[in-house]
Structure formats: C-alpha cells, structure tokens
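Engineer: What shape does this take:
(chains A, B, C and D)
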Amino acid sequence: MTTPIIQTQGLTRDFKKTRAVDGLTLAIQPGELFGLVGPDGAGKTTTLRLLAGLLDITEGGATVAGFDLARQPESIKPHIGYMAQQFSLYAELSVLENLQFFAEIYDVSPADLAERTERLLTFAGLTEFEHRRADHLSGGMQKKLALACTLIHEPEILLLDEPTTGVDPVSRREFWNILTELHLDGTTIIVSTPYMDEADRCSRVGLMYAGRLVICDTPQKIRAQLHGEMIELLPDDWQTAKALTENLPGVLEVQTYGEALHLLVDSGKKRLPQIKRALTKGKISFRSARLAPVRMEEAFISLIRRLEE
Amino acid sequence: MSWRHIWAIARKEVRHIVRDRSTLILVLFTPTALLLLMAYALTVDIKHVPIAVLDYDRSATSRAFIQQITAGEDLELYAQASSMAEIEAMLMQGEIKAALVIDPNFARDLLGMRGMPMQVIIDGTEPGSGGFAVDHIAWRAEEFANQSLTNQIQAMGFSLESLQPLDLRVRTWYNPGLKSRNDLIPGLISMVLGMPALSVALALAHEREHGTLEQLMATPIGRAELLLGKMIPYIIVGLLNVIMLPAFAMAWFHVPFNGNFPLFFALSAIFLFAMLSMGIIIGVFMRTQAAALALSFLLIFYPGFFLTGIFFPIASMPEAMRMEALGLPGTHYAIITRGIFLPGIGLDILWPYAVMMAVLGLAYTGVAALFFRKKLG
Amino acid sequence: MIRRIIALAKKEFIHLRNDWWLPVFMLVGGVMELMLVGWATSRPITNLPLMVLDHDKSAASRSIVIALENTGTFRLAEQVEDMQTIEDALARGQINAAVIIPPDFAEQMNSPTGQPVLAVILNGAESIPATAALRAIEGVTRDVGEQIVIRRLGLDPDQFSGFTPRLRVWFNEALSEALYTTPAELGLMLEFTTLLFAALAFSRERELGTLEQLLVMPFSSMEIIIGKSIPVIIVSFVDFLLMLGMVHVAFDVPVRGSMALLLVLAFGYLLVELSKGLVMSVVSRTQHQAFLLVMLFGMADFMFTGYAAPVEGMPQFLQYFANLVPAHHWLTIFRGILLKGAGLDVLWPHVLALALLGLVIGTFSLRFVRKALD
Amino acid sequence: MTTRPTNPMPAIVAHDLTKRFGDFTAVDGINFEVRRGEIFGFLGPNGSGKTTTIRMMLGLLAPTTGSVEVLGMTVDGDTAKIRPRVGYMSQRFSLYNDLTVLQNLRFYGAAYGLNNAELEIRIREALDMAGLEGRENARTKDLSGGWRQRLALSAAILHRPETIFLDEPTAGVDPISRRAFWDLLYKLVAEGVTVFVTTHYMDEAEHCHRLAFIQRGRIIAYGSPAEIKERMMRGQVLELAPSNAAKAVKTLRAAQQAGRIPLEEIELYGSLVHVVAPQVKKHQRAIRAELQKAGIHAGQMSLIEPSLEDVFIACMKH
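Structural biologist: Here you go, the predicted structure:
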C-alpha cells in the first residue's frame, strides 16, 4: 500500500456554537476519486475548506501532499486545486484572462501556459468562447471554466465543493467526463456532492453525518448495506395506491415518482405477490409491478434515517 | 515576494476597472469633479452684499459717505430704511446681510474730529457676508475721514499721513493678494485624492462579498503580494489624477504652480501609497462594501477635511488633535502640495514630510497585512 | 395594504439592525463632523507662529510686539537677528507671519510728524491663517495709530469715538461662529442622511438579487415605495433630532422660533430629499454607483446652500439656479427658525418655494420609481 | 390516463409565447398547457429560456408576441389579482441573507396578508417541513446551501398559493430534504395545487406528471416521463462490472475512437461501466473481446433501464 496523499487524524473544527467537523480520521490514496456525501450541514464544506488550508484547525491534525496542515498551510497550496461552492471567478475577465490570471498566481511558466491553456480549453469545450466574459457564460460553462482554472497548475490534489450544483445534465455529464479523465491520469480528487448518482461515479464514498465520517466504502458496498429491496409500481391512481400500500406489512417506505410508486420492502420475493394481491383486492388497477434495482439515493436515505433514529 | 503575482493581481484589477464603463468614469473623474465643486463652494468671492442704510443725520456728509461705501461691486444698497423696525424686518427676512446706522451727530462729530458715530449691524447667521461688510465699511470710513479732514489737518500744520501715523507695509509672499483659491485648491487636492483609497477599500470588500477572495486564499499567493497588487492600479489611477488635478487647477482656476513637477509627482506617489494603505485597512476589516464606505467617511473624508490643516490651522489645534493630525498622511501632503505650488520649495525642505508619509504608509500596510489572514471564519 | 406596508417596513428595520454600522456610522460620523465643525469654528484662530526682527529694540517696539501677542492670535516663535532666518522659516512654512521693526521706529513715533513703519510679511501659502494674522495686526496698528492721532492733534481722548463703526451682531450676539456653522452643517447632514439611505433602498436589493422576489409578491409599487420609505424617514428624522439636541447641548444653539414649525418643515424637506434619493436608487445598478451619485449631487447642492459661500457672489444664472435647489431654501428656513426666531410670516416665500419644488420633484420621483418597478 | 377528477380549466396556458432581447430570441413561440393539480416539469440546459419563460408567466417580463394565461387571467393585465394566488421561488435569491429564518418567514407571510394566528401555524408547519426547528433564529446566510433552498420553498408556499413556480428549487439540496420536499409537493398537489417546476436534475423530472423539454427557446419534447422515454430514447444502456473499470473505460474509448465498436457513450461509474448504443446487446461480444485483449475480465453485463437523464442527453444531442 502506498502512503496516503491525504491523511487526517481526529480533525476537528468548531464554530461559535457548533462543531462542524468532529474527529475526522481519513486516509486518501493517491489517484483516488473520493466522493464526500451527507445531508446539508453535515460538515462537507468545512472539511474541504480545512483541507485547502482556509480554516484553522480546532483539534487534531492532517497532512496534505506530505505537508502538515496546521504548520505549513502555505506549502500545501501549490499542490492543490480548490473550487469553492459559489461562483468564484472574476466576472469581468474573459475566459482566457481568468486562466492567465490563475496561471500567474501559480507560477506557471509562460511556455507551459500556452500549451496548457489550449489543452484545457479544448478539454472544457470552451475554445470558441475564449474571449467571452465569464459572467456571459452559461452556468455549466462557468463551472467548467472554474475547473479549468483550478487545473492550470496541474495540481496533484483537487478539492471540489459541489461543483455541479445548478448545472444542466449535458454540462454535468461533460464535467464528469473531465473528472474521469483526470482520475484516469492519476490526479487525486475529493468531490462533495448532494447528488447520489454522482456518488455512484466515485471510487470511494465517505458519508458524513453531524461532522463525523459514518461510512467510507465503495459505492457498491454501501448500496449492498441497504436492508430491503425496491418494488416499482405503476398504478392508475397513485394517490389511492399510495394510501393502500403504505400500511401493508413489510413495506418500509413508499415514494412517489410522478404517476409511479417506489416501495421499499424488506424482501422483494416475499412481498411482491402480496402487494399485487392487495391491490387487486382493493380494486386498484395497475399497469406493472416489478422488482427494481436499488439506487444509491435509496441506500443513502435509508442509512441516514437509521442514523437519525 | 513575487513580482509576477503582484502583477497578476494588479492587471486583473485594472481590467476590472476598465471593463465597467461607469466605474471607470467615476474612478477617473470624481476627484476632479469634487475639486471643482468644493473649490467653488468654498472660495466664492464675496460680492454684492445687500445692505440697508438708516441715516439719522441726513446731512450732505452722511449722504456722501453712503455714496462712497456703496460704490463698486462689494456692497449693494438694498434699501434706505427709515426706522430700526424696518431694518429688523429686512434682516429677519434675510433680504440684507448688514445694515449701516448713521448717528444724528455724524457730520458734526466728524468735522469736530471727535470720530464718526455710526453703527453696523450684521446678521450673525451670515458672518461671512456680515464680516465682509464690516471690514469694507471700516476701510471706506477711514478713507472718507482722511478726505474730509484733509483741510483741517493741514491747517493745523500736520501732514495727511498724521491721521494714519503707523505705516503698515504688508507684503504677502507666494500668493500676492492673498487669494484663498491659490492655497485652498492645492490643499483640496490632498482631500480629493482620498477617493482612490475609498475605491481600493470597496474593491477588497467586493472581492470578499462575491466569494473570489476565498478562491485566492486557496492559492499560494502571499498576503503582501495580494494587498500590493490591489493597490497598484489605484496608485496608477491616483497618479493620473495627480497629473489631471494640477493641470485643471492651473487652467480653470489659474492657480500658479511654482515648484518642480517631477518632485510633486514623486511625493504624490508616496502619499497615494499611504492613503491606499488606509483604504486597505478598511477593506481588510469590513465585510461589506457599504460598511467599507461608511468607515471611509469616518476615517478618511471627515478627518481629511478638518484635521489636515487645509481650513483650520494645525497650530491652533489642541495637543491631542495635533497628534492625530500627524498620523494622517493628508496633513503632510497638504504641506507638500501648498509648498510646491506656491513657494515652489524643494526636497531639501520637504524631505521630512515625505519620510513621514512613507513611514505612515508602511505602518498602515503592516497593520493591514498583520490582520489580513488567508483564512475564512 | 397597511399590513403589507408594515411587513415591508419591518423587514427594512431588521436590515438596519443587522447592518447597525450603517446608521451608527452615519450618526457617529454626523456627530463627529458637527463637533469638528463647531469646535473648529467656535474658537478664533490662535497660536499662529510669528517671528519678529526688531532692529529698534526700544520700549515702543517691544510694546507693539506685546500688543500683538496679547491678541491671542500669535505665539512668538522667535526674536531673530537677520532676514535670512525669516526667509527660511517662511519657505519651510514654519511661520505664518513675520514682523520687521526698523531701527528708527521709536524715534519716528515720538516725533510730531513722523510716520513709523511696521513691515509685515505674510505666508500666502496658507491664506486662511495669513488673513487672520493680517486682521490681528491691522487691529493692533489701528489702536496704536488712534492713540498717536489723539496725542498729536491734542484731541480729547474721552470724547473721541474713533473713525471706525461700532459693531452690533444680531441673532448671534457673541458672534460665535459655531452658532452659525453647526446649524448649517446639521441642515446638510439631514440631506445627506436621507439621500444616502434612500439611495440604498433599491440599489442594494438589486445588487443582491432580491428585488425580483419582492416584485412578484402581491405588493403594489406604491406599497413598496411607502414601505421602503418609512424606515428612511424614521431613521433620518431621529438622526436629525439627536443631532439637534447635540448641538443645543454642546454649542448652545437655540431654537428661537417655533419648534413645531421647525419639525413640520424639516419633515417636509426630508420628503423632498427622499424623492430625490429614490430616483438615484432606481437608476443605480450597484450600491457603489448609488453612493457616488449621492456624493456628487450632495456636493453640488452644498454649493448652492449659501453655507460655505454666499450665493450673491455667484454669476447671475447660478443665483437663479440656486432657487431651484431645495437645500438652499431649507437652510434659509432652518437657520431662520433656529437663530432668528422667524415664523411663517417671514419665511413663507421659502416655504412656498420648497413646497412647489417638493411637489414637482415628488411627483416626478413617484412616477419614475413606479415605472421602474413595474 | 388518470382517473382523478381534473378541473377542466387549465392552470397555465402559453400561446405562441415569444421573447426577443434585441437580435436574440430567448423564447421562440412556445405553446403548452399546465393542467390544474399536476406537477409540470420544465427542463432544458442553462440558457435555453426557462427563466425567461417563468418571468413572463409572472409578469416580470412582457412577451414580445404571444400571450400567457395563469389561473384564467391574462398575465399582461391583472398581475395584481394574480400575484396573491401564485407563489414563486427564484433561482438563488428569494431570501434576505441577513434576516433570520423566522424573520424571513414572517416577512413572506405578512407580505401575502396572512393574519397572525394563521401565520404562526403556517410557520410551524414550514419549519417542520424544512427541518429547521431549532434554527429559527439562525441567520439565513449561515445556513448551508440545501437548507437555504428548503427555507425558500417553505416561504414560497406559506400563503398556500393555487399555483407555484419553482425555478430550480432543489439545486444543491441533499437527497433527504429533496425527498421531504417532493413529499410535500405531492401533498399540495393532492389538495389541488398546481406546480410548475424547472429543474436540471433528471431524477427529479421523474417526479413530474408531465414534462416539456426546451432547447434554444423551443419545446422539443412534451408529455409524461414514460411517454418521453419511449418516444425519445434511441439508445440502450448496458452495465458492465469489469475487473478493472478504469482500464476498461480507456480500452473501450480507444476502440470506439478507432471505429471498432459503434458505441455512443462510455461512462465510468465507480467500479462499473455504462455503455450506451442503439441495440447495445449486439455489441456485447465485441466488447467482451476488446476487453479480453487488454487483459480485462468483462464480468457481468446487464441491460439497465435508461434514466430520464440519458433520455435528456440523447434529446439534446440531436
């Protein structure tokens, strides 16, 4: 096993009243694509800001890229690329000027700059917009430009705080394609996200809850931890069907999806026939009822619900 | 410290200013506009002061006297009053700023060389015009007395000068005629050059408000690099103003410039550095633009007006205020601007002030860098 | 409707409370400015450094120097022996004036037809202290001169009343400049406070992006204008009252006229400035622009108030223009009520002008702002 | 299709709605109808005209041509009558950041004319829904992004509007809150409220009863999610669980670029790989062989149902 590129030991951060991050111990190997998920206010943003050296550590310690976070926060900075949650480019500067600005801050040599700018613009699909002002780009393009800016110095570690919020699916997919490329090239990436389908794309996922890291594993293994299975039901009238199925034995949860219902049950094989029977008895017609794969989102919700109890 | 980093920040900041047309115009021309307005507001020559006259004497002498004082552009005879009540009403209405009341024995006393019994009433709410009227009347009165008493005095064997025995020879150096514009305008330059300091404070607060500061904090840029980089464009804007403002003062207000312009330019650069350091301090401590603006008034504009000796001589201030004045770059710069504009003095005399401004600038930058941490929260 | 207006006003107050520094800085800044103005103008200019080159060194020359010192305007910096020192000191700006007494000063004074010379050099680089110095020196020489005249012509010193007019100052008997400057400054502060807060009303929500939400709520544009104006009016008015109390206590500024009339007219004036501020607020895209507009317009008004320099000295067209500036009429009214004890019978032309201007500006503003909001 | 009684009068009707800004046509003659009591999803990439459309429906922007009716009233004329009956949650800035949670809610309630007793009850409900109990006095700016969105939504529906317009309501909201949020919307819909929602998040679009896809100001697909999926999706998704997913992606992309296998998309999902192509099953063998060549064991392959996101991307690419 290689030495972890990020290693935290009991990392803790307090704000006035609350403990935002509580004894986080985590080791991230070089080249990992690590997803940080958790409910709002769980401490994801604080964790990323701590790792970027933007906040003082209350307790514990961490090393990032071989430097001590508390003692050498400035030495870490050339090795990381950090992308804040909110829009943080210079709105008045053009795409090229933004890139050039960050290149100079990070001491990228002018020779490298030309080559990298071209590559990153192609990479982000922004070549034809290189002279457009950042605030005249669409949301998705802004995010891609922000990512390009954090990549200009070829950092070993990328810290991305909810990079795809407010981005349309096409741009989101393009964004993730870029991340995948980087991941395949060996960059270490930590990305926080509220979207579970994105967590599915990570090599490892850490679930934070109330400042603590509750689970840290591959998406497949986390999904496997879900107790129960999913039944997808297409009734003609979802409202009555919902009322009926909610109270059936073995049905843990009923979720509406438009006209469809997703039923979380303790055992699919056992409950599917029971449910079909109950619906027929209740004179509720349905077009289909079948076992469906459990998605990351369901796994996540079920986990958090258990934690809350 | 990397010049490349500073340059990167500075160039970004220049682009920021240049891209927004209205900001560019405001940043470049507000100092000149303010100089124009303030110079006019504060140095309008007093003329045409309306006065009323109540002549109890009604002699040829008193009429001649009235004729004499209202000749010229200085005072304007608004009305010949016939009673004190009338004067009172006119003063109340603000129709007149002063009134001359000539005593019944005016001519008799004057010819008897006992004096010129008369009274000037001024509106105490308008001491500027009122005081001007008093001085003007007193000056004309002396003149009038000399003329009317000439024969008598000569008959007594005295020369005309005997009535004015002390020969006061006043010479005004550097500013013949003691035109207030000639020294107030150079003084005001130090005041309006506070505008770039306001801009830099706002620019820093803006970056905090809009989240780009967080991004910068995650980069390896040094604190001093960041702060210096932010200052440079406003020093440039300020220096453009350093060229525009004297040119404007000379062309529009005919203020003489007797000193060495390169020296003025160099010392102005030091002043701008010191002022911008104050602006940076404000930007470091204040989280929003509005707060930065409010504090700028408190720390830059009010003291700049009252404590730097432009209007109120520092020598007349109590000790504590004098100390405070020494801490303001504007105090030293006001001495420099007036010294270079009017006597045209050089560095041999001005160096202590230049050193003082540089020390203040470094001290303020130090304080700003000390309290500016690359941390959130 | 009333409920909605109250809701909006309440929200505005919470903003003010959260951004407490803004009203507080305005108030602190206002008080500070008034204190500085009052302090700076209530005391005569004193302590000006003076250099004396006395070639005569007689009793007469010494008495002139003592008389100069006794005016309080001067502080004797140095008795010097040569011109060079004076020239240097002037160039360095170390002294505001120098007096040179020639060797035959006492001799000339005592001879029946002599004319003693007193040479004065003023530092014109600082015209304000130089003017004060000149006044003080003229005063001293006039007194000395008068004594010589009386003696030479053999006049009766008891009967001699002098060739200068006796001075009486009305409305301000002690000729305290603070009494004149602080009310003027205070009148202007009311303008600036109102303009500034009004200018923030919309520019701020626009910059922060919340204006859109406000517009889709069931507020009519009139309700928005009223709701936004209430806190501005209250804050500005309270600010005004506090500062009025402050100058009364600190500088003995009286309210000689009717207090009720003063408050009514102050309120009316405030509404006029509010209308102007709201227009600036809706034309600005950012707070920064709104602030700069307030600075420029406020300064331009300042020119026409007649506070710093009398309007009569301006070119004719500017004098006409001054009549279109609300602040010009307001300052006349304000000082009239405060210091002259004037009433409506006296002030009606200004009140009428203010009312007419208010009507025009208010109507325009209301139309303009409503249009901008719809 | 639905057995629920529907109000015959539609909640929103857009008729040839067009908006031009100078030369740029933001919305280009769109027609759609939102039935009462349904959740209508309005989807499209950034800059496709979604926000402009919402603004026209709310009377914030006047249409260049065409018209829009909300709750039976033409928006141009009586916005004052419409506004109390609709709710709006704008994309980012519907709250005052310096106000506390409670202060924001009180302001909204009072702005819509709720009386105090009513307001207190609704505020309790809203806090409960948003999961913000205990944080009533927190400044809005100190809340995390997800919480802010929840609060904004609670505020927008505080006055129980008949129609609500939500512009990307759940951007950045965590799954739990999102679920709570949709539960609430369904509750409102059951009470007869109409919901018009724009979203980027395709998972969410699945929650809607009917959808419109908009691109460059034009509607390119319109119908229920199932209808749209059926009609628009040309490709199928095959899920692979290879021994080395990262290497498998590289290998397959190389093969795709060389034209050996006609795949439309190859995506890495953690240790899984999704490949998309029409009749993707046909390529199963070629994929297996290609991976074998690179020394990767292809593992299990299964056809999975395309998500609405896959459909959306397929639509946009045409």
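Engineer: Up against chain C, what does chain D have?
Structural biologist: Applying CB under 8 Å from any CB of the partner chain, we find that chain D lies next to chain C at D:58-60, D:80, D:83-84, D:86, D:88, D:90, D:92-99, D:103, D:106-113, D:139. In short, each C-beta sits where N, CA and C put it, glycine included.
Engineer: Now which of the residues you listed would you call buried?
Structural biologist: If you count burial by 16 or more other CB atoms under 10 Å in any protein chain shown, the buried members of the residues of chain D next to chain C come out as D:58-60, D:83, D:86, D:88, D:90, D:92, D:94-96, D:98-99, D:103, D:106-112, D:139.
Engineer: which residues in the chain form strands?
Structural biologist: Since you didn't name a chain, this refers to chain A. Assigned by DSSP state E, chain A shows strands spanning A:6-14, A:19-28, A:33-37, A:59-64, A:67-68, A:80-83, A:157-161, A:188-192, A:204-209, A:212-217, A:229-235, A:251-257, A:260-265, A:286-292.
Engineer: that's the other chain; I wanted chain D
Structural biologist: With DSSP E as the criterion, chain D has strands spanning D:12-21, D:24-34, D:39-43, D:65-70, D:73-74, D:86-89, D:163-167, D:194-199, D:210-215, D:218-223, D:236-240, D:265-269, D:272-277, D:301-304.
Engineer: Any chance of those strands in CSV with distance to residue C:48 and mean pLDDT as columns?
Structural biologist: Listed next are those as CSV, based on distance: least, CB to CB, whole Å; pLDDT from 0 to 100:
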stretch, distance to residue C:48, mean pLDDT
strand D:12-21, 66, 91
strand D:24-34, 69, 90
strand D:39-43, 77, 90
strand D:65-70, 76, 90
strand D:73-74, 78, 84
strand D:86-89, 68, 87
strand D:163-167, 69, 90
strand D:194-199, 73, 90
strand D:210-215, 78, 88
strand D:218-223, 81, 87
strand D:236-240, 91, 83
strand D:265-269, 83, 81
strand D:272-277, 88, 84
strand D:301-304, 93, 80
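Engineer: Please list all residues in contact with the closest residue to residue D:183 other than its chain neighbours.
Structural biologist: Spatial nearest neighbour of residue D:183, excluding adjacent residues (CB to CB, 6 or more residues apart in numbering or on different chains): residue A:256 at 7.6 Å. Going by CB atoms under 8 Å, 6 or more residues apart in numbering or on different chains, residue A:256 touches A:238, A:242, A:262, D:182, D:183, D:186, D:207.
Engineer: Name the nearest of these relative to chain C.
Structural biologist: Using CB to the nearest CB, residue D:182 comes nearest to chain C of the contacts of residue A:256, at 22.7 Å.
Engineer: Kindly report the residues of the stretch 101-250 of chain A close to chain D.
Structural biologist: For the stretch 101-250 of chain A, the contact set with chain D under CB under 8 Å from any CB comprises A:138-141, A:162, A:165-173, A:176-177, A:180, A:183-184, A:194-197, A:200-203, A:218-220, A:236-237, A:239.
Engineer: As a check, name the ranges of all helices in chain A.
Structural biologist: A:44-51, A:73-76, A:95-105, A:110-124, A:139-151, A:169-184, A:196-199, A:219-224, A:238-246, A:268-281, A:296-308 (DSSP state H).
Engineer: circling back: type out the ChimeraX command that picks the buried ones from the residues of the stretch 101-250 of chain A next to chain D.
Structural biologist: A single ChimeraX command is used to select the members of those judged buried by 16+ other CB under 10 Å:
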select /A:138,139,140,141,162,165,166,167,168,169,170,171,172,173,176,177,180,183,184,194,195,196,197,200,201,202,203,219
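Engineer: can you tell me how far the nearest residue to residue C:35 once chain neighbours are set aside sits from chain A?
Structural biologist: Among residues not flanking residue C:35 along the chain, residue C:250 sits closest, at 6.9 Å (CB to CB, 6+ apart). Per CB to the nearest CB, to the nearest Å, residue C:250 is found 40 Å from chain A.
Engineer: just checking, residue C:250 touches residue C:38?
Structural biologist: Yes: using CB atoms under 8 Å, residue C:250 makes contact with residue C:38 at a distance of 6.4 Å.
Engineer: And those two? Which one has more around it.
Structural biologist: residue C:38 (24 against 16; other CB atoms under 10 Å in any protein chain shown).
Engineer: So the more buried one: helix, strand or coil?
Structural biologist: helix (DSSP: H, G, I helix; E, B strand; the rest coil).
Engineer: circling back to that earlier point, what secondary structure does the residue nearest to residue C:35 sit in?
Structural biologist: Here residue C:250 is recorded as helix under three-state DSSP.
Engineer: May I have the predicted confidence score for it?
Structural biologist: Looking at residue C:250, its pLDDT reads 85.
Engineer: How about residue D:318?
Structural biologist: Residue D:318 carries a pLDDT score of 57 in this model.
Engineer: Residue C:263 now?
Structural biologist: If you check residue C:263, the pLDDT there is 94.
Engineer: For the helix or strand harbouring it, list every residue counted as buried.
Structural biologist: Following DSSP states H and E, one finds residue C:263 within helix C:259-283. Across helix C:259-283, burial judged by 16+ other CB under 10 Å covers C:261-262, C:265-266, C:268-270, C:272-283.
Engineer: Good, wrapping up.
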